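generate coordinates for the sequence data below:
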Amino acid sequence: MSSTGHPTSSTTAEVRFDRGGPDFHGHVVTSEPSRIVVAAPLRPTGTDTVPHVGDRAELVWADATALLALPVELSALQHAVLPLWHFHTVGEPATSGQRRAAVRVPVSLPVQLRGAVGHVSGRTLDLSEGGAQCVVDGGDGALTGVGQQLDVTVFLNADHDPLEARATVRRSRLRTDGRTNVAMEFVGLDERDEDRLRGRVFLELRVRRSHGLN
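Here you go, the predicted structure:
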């Protein structure tokens, strides 16, 4: 992190729009007191939402000891081989990231969801210490509807190292292939499990960065 409270160039950061998406990871290529430019996909995957100039977002990144967040506003989208998203800052310098600002990372891990009416299995689409998005085989409103409470097992290392958690379904969408996309928020995690999740997220971030991935 720079002395101004902004991410330095080459930092991996997450952009999280206030109005529900699209959220994505990218690399900071320019960081100035009032302007930040992020290199990222033109159309972030997993969403049909298109951002507009003036949309507010939160830029989230990590330094050596903490997660940090900075409120920004989209000022321009520069079309190029690797599109550049231009933001200007609209709030105070970065503060310690809270649960809402937890860094999410795309990662595919086995997951099991269990509720009062049954259970389903699938794989995560992304993961953070605050929750996960996943795609599961089947699923219906009785099990994966918004507001449902579930017991969740996420295997943090292939099919090993299971993490057991309670979660609340925040979004659910039936896909055309008959599977279901589920976004869930973990509830009541103890400090040890929060540390395990954080460690897995940052491990994946380091791996992706070493391969030049967003």
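
can you tell me the strand partners of the helix or strand that contains Asp126 and which way each runs?
According to DSSP states H and E, Asp126 maps onto strand 118-127. Take DSSP bridges as the rule and strand 118-127 pairs in its sheet with strand 105-106 (antiparallel), strand 110-115 (antiparallel), strand 131-136 (antiparallel).

now do the last one: distance to the chain's middle.
When C-alpha coordinates are averaged (Cα atoms, centre = their mean, to the nearest Å), strand 131-136 and its chain have centres 11 Å apart.

ok, the second one next?
Mean C-alpha position of strand 110-115 versus that of the full chain (Cα atoms, centre = their mean) differs by 19 Å.

can you check the shortest one too?
The chain centroid and the centroid of strand 105-106 are separated by 6 Å under Cα atoms, centre = their mean.

contact partners of that strand?
25, 125-128, 201, 204-205, 208 (Cβ atoms under 8 Å, 6 or more residues apart in numbering). The C-beta positions use only the backbone N, C-alpha and C, and glycine is treated the same way.

give me that answer again for 7 Å
125-127, 201, 204-205 (Cβ atoms under 7 Å, 6 or more residues apart in numbering).

domain assignment for the protein?
Listed by automatic domain parsing, the domain ranges of the chain are 12-99, 105-210.

of all the contacts of strand 105-106, which two lie farthest apart?
Leu125 and Leu205 (15.7 Å; Cβ to Cβ).

which residue sits closest to the residue lying farthest from the centre of the chain, ignoring its sequence neighbours?
Of all residues in the chain, Val117 has its C-alpha farthest from the mean position, at 28.6 Å, by Cα atoms, centre = their mean. Spatial nearest neighbour of Val117, excluding adjacent residues (Cβ to Cβ, 6 or more residues apart in numbering): Ala142 at 4.7 Å.
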